[in-house]
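Participant: Quick one: sequence and predicted model below, then my questions.
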2 protein chains.
Amino acid sequence: MADLDVTTMSDLTREAALAMDVADPLAAFVDEFDLPAGVIYLNGNSLGPAPKEALAKVRTAAQDEWRTGLITSWNKAGWFELPYRLGDRVARLVGAAPGEVTVSDGTSINLFRVVCAALSLRPDRKVIVMEGSNFPTDNYVVQGLCETLGRGHTIRFAEKDELEAAITDDVACVVLTEVHYKTAHILDMAGITAKAHAVGALAVWDLCHSAGAMPVDLNGCEADFAVGCTYKYLNGGPGSPAFQFVAARHREGLKQPLTGWWGHEAPFAFDRDYAPAAGIGRMLTGTQPILSLSAAEAGLDLAERAGPERARAKSRALGELFQDLLAGRLKDTGFAMGSPADRAERGGHIALEHDHGYPFMKALISRGVIGDFRAPTTMRFGFSPLYLRYVDVWDAVEILRDIVESEAWRAPEFAAVDAVT
Amino acid sequence: MADLDVTTMSDLTREAALAMDVADPLAAFVDEFDLPAGVIYLNGNSLGPAPKEALAKVRTAAQDEWRTGLITSWNKAGWFELPYRLGDRVARLVGAAPGEVTVSDGTSINLFRVVCAALSLRPDRKVIVMEGSNFPTDNYVVQGLCETLGRGHTIRFAEKDELEAAITDDVACVVLTEVHYKTAHILDMAGITAKAHAVGALAVWDLCHSAGAMPVDLNGCEADFAVGCTYKYLNGGPGSPAFQFVAARHREGLKQPLTGWWGHEAPFAFDRDYAPAAGIGRMLTGTQPILSLSAAEAGLDLAERAGPERARAKSRALGELFQDLLAGRLKDTGFAMGSPADRAERGGHIALEHDHGYPFMKALISRGVIGDFRAPTTMRFGFSPLYLRYVDVWDAVEILRDIVESEAWRAPEFAAVDAVT
């Protein structure tokens, strides 16, 4: 675990942070969000805050489309098209082409679908490589799929540095999350995908912590399948539907397990037997939650206007400022970096380890600085680029310093073990 | 196909219909809905209209919980509990016990889950009995499941009158929809479930067209599994999440294919390996679309306050009035009942067949009477009990009579074949 290293930014003044905000090319985006007063929100890696336009869209979907348009809105308001229209928007953010992505259902459901599809393309191979320490729902989904298939598939768990050796010619596919949910370390999507292909395996990527935070180039990496959520850095709202990507070269003839009427070649023919749609539509199953889906479009619009490169540059700079200020003000107080110290090796958040991480985080939240905590000692701080200001980071570190130095964190209300956030 | 039969209600006056509304014990519920002016909405069998409280709930979920509460709303606003809380509310409407139902994902996904679970309980049997003419997504889901499992499962399609003979001792489970999506004919859930059990098979019921329209007694019938949507007679909003029922006796040790972190015994332990939750929670997969889920609670509340028996009584009476008035005013104009003529044998809607059904329906919609059309000749009219008045039915038939007699339906704009509704 890396120590905190003092740098030139470690004694940056608040005025200098304000000057960074003035120079920030994404500064205007903060006005697109409806953030509550008094909150410094460092948890957009878990749930993004509400874009004003998302609140407007859900109002429109509820009041104008559902209430007034009723059943006619399926066509007139374009409800049927939402998975495709939003999918094409996500495609532009993750290096995919139109018709390669839909937004529908949840990440876990979509992962089940694409991994099953991937396995069907490699029927003679039984090994799936996964990074066991990453967000466990992916493990659970693949474990359930293996058991359901009952054909002897097994997961070969390998951590970051073990992955290359684990990808051997018995592997059907790798199922990996690009940015680690806890440490934020980045896996080399291009290199690992190439390694997988070199041994005849396929690559399935989970982009939950990538999309909206950093450039992703699925087709540039020749990725085969991908999934990801829209409610973290894409600010789509709580539990907003997830995306799934199928490389165009795999689409024709592709089989997926969750066949339903939205994936039928002619849904309104009401044919007795299933026949898959020609395009990415075959990856759909059933009716989608329109209110949640409608809200999600606003965040995609903002991400597209900001652009993944600018988003990444600012997110990195925010994280680096946090890291440097910590080193200046909180060195030798027991903190250690749980994330890679090199900002190029980590995604949009920073894991900070401290034995008192739990009461520290509760004390921070009580003062409006919202991050989260993962047992036993990890405090996570997300540096989502569109609504955070450099001065927010400055203030957050100052509040943390005050909590530590004043020993405010020792107050009994911060010791009780209940859910943080 | 039954002809229209003139009865004592066939020449009911508009004043008499108004008097029926005055006497209607559910009359007050119309004020709970936010219906657009000038619309007679006979399509609640497809998408229910907006309860005022649903619009309020989605506003609260968006503005207060997401915007203001941010990540803390997962606990403070009870977002994590919604699938269970709403599930227990659905349970009271369908004759299930607390802890036997969740509301989550969509009907097709839930059907995949419960049919797969049912098959795992009958590993030596390979036949699934389904009514092929019913809403085809159920066929598609089971076809996809059979292919995914690759263990030789096949569907034995049987229509209503063939079902009893089809349920033989090689059947693993029946997967049937209680109320037919097109004709509204009701299958005998108690009798068919008993027949299935008598040969050692399980019974999976789709309640999409039952829940909210009529009493359902899953446990009284000893049903094994069930699914259903919340956006038809339960007025949950477009694509609102669906429910799934697992009889308590099957819960322990039950395997389902879509294992995800919401179904884990300790989701926030972030364990590497899956271990199912003890209760109905094991049927959950991943994060749910909270805005859509929140809206759905309002309709469940209304359905519970009205009560399934009163809802059914009024729905039957509305449908019967429609049928009788048609016979009085439109006899010998080419209409025939596509639904059972006996109101006891049909669910909440009526299918009316006419060679000109398509332009008739378009003309009706242009005058504010909203039903839908299913090729080649079926007009569907839904008699959802909570917001329709007897006088609405009277007016709808009068408008249809006028369209037919005036030949207004021959206008060119009603001939163009595009989507109806």
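Facilitator: Right, received. Where do you want to start? Numbering: from 1, shown residues only, chains lettered A, B, ... in the order given.

Participant: CA only for contacts and neighbour counts going forward, please
Facilitator: OK.

Participant: Give the buried residues for the lengthiest helix in chain A.
Facilitator: The longest helix of chain A (DSSP state H) is helix A:308-330. By 16 or more other Cα atoms under 10 Å in any protein chain shown, the buried positions in helix A:308-330 come out as A:308, A:310-312, A:314-330.

Participant: Over to stretch A:339-357?
Facilitator: Buried-residue list, stretch A:339-357, by 16+ other Cα under 10 Å: A:339-341, A:343, A:346-354, A:356-357.

Participant: tell me the domain ranges of chain A?
Facilitator: Per automatic domain parsing, the domain ranges recorded for chain A read A:8-32+A:307-414, A:54-306.

Participant: Would you convert these into a markdown table that also reports mean pLDDT and distance to B:Leu145?
Facilitator: Listed next are the domains of chain A as a markdown table, based on pLDDT from 0 to 100; distance: least, Cα to Cα, whole Å:
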| stretch | mean pLDDT | distance to B:Leu145 |
| --- | --- | --- |
| domain A:8-32+A:307-414 | 96 | 37 |
| domain A:54-306 | 98 | 6 |
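
Participant: Of all these, which one comes closest to chain B?
Facilitator: domain A:54-306 (4.1 Å; Cα to the nearest Cα).

Participant: Centre of the chain to that closest one, how far?
Facilitator: 12 Å (Cα atoms, centre = their mean, to the nearest Å).

Participant: and the longest strand along chain A with chain B, contact?
Facilitator: Identified as the longest strand of chain A according to DSSP state E is strand A:171-177. No. Judged by Cα under 8 Å from any Cα of the partner chain, strand A:171-177 stays clear of chain B, getting no closer than 13.9 Å.

Participant: Contacts made by that strand with the rest, please.
Facilitator: Residues from elsewhere that reach strand A:171-177 (Cα atoms under 8 Å, 6 or more residues apart in numbering or on different chains): A:115, A:118-119, A:122-131, A:134, A:167, A:187, A:196, A:199-209.

Participant: before we move on, the earlier item: quick check: which of the domains of chain A is buried the most?
Facilitator: domain A:54-306 (a mean of 22; mean count of other Cα atoms under 10 Å in any protein chain shown).

Participant: Now do the helix or strand that comes right after the longest helix of chain A: distance to the chain's middle.
Facilitator: As assigned by DSSP states H and E, the chain's next helix or strand after helix A:308-330 is strand A:336-337. Between the centre of strand A:336-337 and the centre of its chain there are 23 Å (Cα atoms, centre = their mean).

Participant: what's in contact with the following helix or strand past strand A:336-337?
Facilitator: Along the chain past strand A:336-337, the next helix or strand (assigned with DSSP H and E) turns out to be strand A:349-353. Residues outside strand A:349-353 that contact it (Cα under 8 Å, 6+ apart): A:45, A:182-184, A:319, A:335-339, A:377-384.

Participant: Show me where the stretch 51-200 of chain A has its helices.
Facilitator: Counting by DSSP state H, counting those that start in this stretch, the segments of the stretch 51-200 of chain A that form helices are A:52-59, A:73-76, A:82-93, A:107-121, A:136-149, A:163-166, A:189-198.

Participant: Of those helices, which is nearest A:Glu304?
Facilitator: helix A:82-93 (6.6 Å; Cα to Cα).

Participant: touching chain B at all, that closest one?
Facilitator: No. Using Cα under 8 Å from any Cα, we find that helix A:82-93 stays clear of chain B, coming within 12.0 Å at best.

Participant: all strands of the stretch 201-350 of chain A, in order?
Facilitator: Here the stretch 201-350 of chain A has its strands, by DSSP state E, counting those that start in this stretch, at A:202-206, A:225-228, A:243-246, A:336-337, A:349-353.

Participant: So for B:Val22, which of those sits nearest?
Facilitator: So among those, strand A:243-246 is nearest, using Cα to Cα, at 50.3 Å.

Participant: Pull up the pairing partners for that closest one, direction included.
Facilitator: Here strand A:243-246 is paired, per DSSP bridges, with strand A:101-103 (antiparallel), strand A:225-228 (antiparallel).

Participant: residues in contact with it?
Facilitator: Against strand A:243-246 from outside (Cα under 8 Å, 6+ apart): A:87, A:90, A:96, A:100-107, A:110-111, A:114, A:224-230, A:280.

Participant: Equivalent analysis for stretch A:80-93, please.
Facilitator: Contacts for stretch A:80-93 (Cα under 8 Å, 6+ apart): A:74, A:97-104, A:211-212, A:215-216, A:243, A:281, A:293-294, A:297, A:300-301, A:303-304, A:307-308.

Participant: distance between stretch A:402-419 and the chain's centre?
Facilitator: 30 Å.

Participant: Next to chain B, which bits of the stretch 151-300 of chain A? Give me the list.
Facilitator: A:237-241, A:256-261, A:269-274, A:285-292.

Participant: Please tell me how far A:Gly150 sits from A:Lys126.
Facilitator: To A:Lys126, A:Gly150 is 11 Å away according to Cα to Cα, to the nearest Å.

Participant: typo on my end, it should be A:Glu53
Facilitator: The value you get for A:Glu53 to A:Lys126, if Cα to Cα is used, is 46 Å.

Participant: Also A:Phe383?
Facilitator: 39 Å.
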